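I need the structure of the sequence given here:
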Amino acid sequence: MSVSLTMPVVVGVILGLGVYVLVRALLPTRRSAVAQVARIDALRARGTAYEAPRRPAAESGGRLGALRAEVGRRVADLYRQQGWEQHSLRADLNVLERGWDGFLATKTLLAAAGLLFGPLLFAVVRTLGFGSGAVVPVWLALLCAALFFFLPDLEVRRDAAAKRRDLRRVIGAYLDLVSMSLAGGRGLPEALMSAAEISDGWANQRIRSALADARITGVSQWQALGALGEELGVEELKDLSASLALVADDGAKVRESLASRAETMRHRELADIEGSAGEKSQSMLVAQLLLCAGFLVFLIFPAAMRVFQV
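Now for the predicted structure:
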């Protein structure tokens, strides 16, 4: 069999396998007992065991919203059955307060749109007189589908990184407030809660909610802060939890530890700001050099053309 006949066969097999996997992922299947128990445990861990049956009806915006919710649920079940945890991506979504199922639905629907966008792009290019062949649209469809599938990941990681920077600034100020409350004679639990009630920003609300849940569930507040740091992927909260667990019984050591940690975070933030400012200055310098080079080319080009014509 020649190469010209082998390539379409291989492409057809790959495309058929991809369609088969997509159909099997979206079609209803009978869940195993292990998968069902894992799903219930995951819902219970997120506190949504009783809200899950009502959520699609409440959040659906017609047929499109119902389809998106169904696709997200099935893709999430597929991830759970395959053991794809995606801890860092889940932490980014938790920072942005976005749902896992909705995010997976967005990725899947964008990938499906990419499968249609690839051949459409090829048709436009071929109309202009570039490219030919039947294999190119298939590869363009697969490439666009893969690109569209991973675009939401890049957006989520960028937005989550920006929001974590704001959270770290809030944590530094929060530690200073806790240290001042301890110096005023308050106990550690009261100081942690009172410092979180100073502002109504989203970061203080998350800290305040974690501390309130700790009182209800009976765990220590520093353990709740550590769990919040694990959920949001913020190392500073996990380190704070570990340090508070070591010196929780000594008020003076707690105050010194919090003050030194807040000072360290401020120095780190100043270093990051200076580094970012230096990068922007270098970018501006490169832009100015490129502008000067273009202006010099604009001045020299007429004289150079006369010399070469002579």
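
low-confidence stretches in the stretch 151-300 of the chain?
Low-confidence regions of the stretch 151-300 of the chain, defined here as pLDDT under 70, cover residues 247-252.

could you pull out the helices for it?
Under the criterion DSSP state H, counting those that start in this stretch, the stretch 151-300 of the chain carries helices at the ranges 188-196, 202-217, 221-232, 235-247, 251-309.

the third one packs against which elements?
Looking back up the chat, that one is helix 221-232. Secondary structure elements in contact with helix 221-232, counted by 3 or more CB pairs under 8 Å, 6 or more residues apart in numbering; DSSP states H and E, are helix 87-96, helix 188-196, helix 202-217, helix 235-247. Every residue, glycine included, has its C-beta placed from N, CA and C.

contacts for it, please.
With CB atoms under 8 Å, 6 or more residues apart in numbering as the contact definition, helix 221-232 has outside contacts at 91, 94-95, 164, 167, 188-189, 192-193, 206-207, 210-211, 213-215, 234-242, 244-245, 248.

which of those residues are buried, as a ChimeraX select command?
Per 16 or more other CB atoms under 10 Å, the buried members of these correspond to this ChimeraX selection:
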select :91,94,95,164,167,188,192,193,206,207,210,211,214,234,236,237,238,240,241,244
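
could you export the helices and strands packed on helix 221-232 as a markdown table, including distance to residue 262?
Formatted as a markdown table, the entries for these read as follows, by distance: least, CB to CB, whole Å:
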| stretch | distance to residue 262 |
| --- | --- |
| helix 87-96 | 21 |
| helix 188-196 | 11 |
| helix 202-217 | 15 |
| helix 235-247 | 10 |
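
any idea which of those gets closest to residue 266?
Comparing the helices and strands packed on helix 221-232 by their distance to residue 266 (CB to CB), the top pick is helix 235-247, with 12.0 Å.

so how far is the closest one off the chain centroid?
24 Å (CA atoms, centre = their mean, to the nearest Å).

on contacts alone, who are the packing partners of it?
Taking 3+ CB pairs under 8 Å, 6+ apart as contact, the helices and strands that helix 235-247 lies on are helix 135-183, helix 221-232, helix 251-309.

now the longest one, how far from the centre of its chain.
I take that to be helix 251-309. With CA atoms, centre = their mean as the basis, helix 251-309 stands 26 Å off its chain's centre.

again with the first one
Once both centres are worked out by CA atoms, centre = their mean, helix 135-183 turns out to sit 4 Å from its chain's centre.

so what does that helix touch, helix or strand wise?
Other helices and strands packing on helix 135-183, by 3+ CB pairs under 8 Å, 6+ apart, are helix 3-26, helix 87-96, helix 100-127, helix 188-196, helix 202-217, helix 235-247, helix 251-309.

can we see that at 10 Å?
With contacts defined as 3 or more CB pairs under 10 Å, 6 or more residues apart in numbering; DSSP states H and E, helix 135-183 has these neighbours: helix 3-26, helix 87-96, helix 100-127, helix 188-196, helix 202-217, helix 221-232, helix 235-247, helix 251-309.

with distance to residue 67 added, can I get these in CSV?
Compiled in CSV, these are given as follows (distance: least, CB to CB, whole Å):
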stretch, distance to residue 67
helix 3-26, 10
helix 87-96, 21
helix 100-127, 9
helix 188-196, 40
helix 202-217, 30
helix 221-232, 29
helix 235-247, 38
helix 251-309, 42
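
out of these, nearest to residue 148?
helix 100-127 (3.6 Å).

what residues sit buried inside the closest one?
Buried residues in helix 100-127, defined by neighbour count with 16+ other CB under 10 Å: 100-112, 114-115, 117-118, 121-122.

stretch 212-231 too?
Buried positions in stretch 212-231, judged by neighbour count with 16+ other CB under 10 Å: 214, 221, 222, 224, 225, 226, 227, 228, 229, 230, 231.

select, out of the helices and strands packed on helix 135-183, the one closest to residue 137.
helix 100-127 (4.2 Å).

and the closest one, how far out from the chain middle?
Averaged C-alpha coordinates place helix 100-127 at 21 Å from its chain's average position (CA atoms, centre = their mean).

surely residue 237 meets residue 167?
Yes: because the distance of 8.6 Å satisfies CB atoms under 10 Å, residue 237 is recorded as touching residue 167.

and residue 67, how far from residue 296?
For residue 67, the distance to residue 296 equals 58 Å [CB to CB, to the nearest Å].

repeat for residue 166
43 Å.

who has more neighbours, those two?
Just comparing residue 166 and residue 296: by other CB atoms under 10 Å the higher neighbour count belongs to residue 166, 13 against 10.
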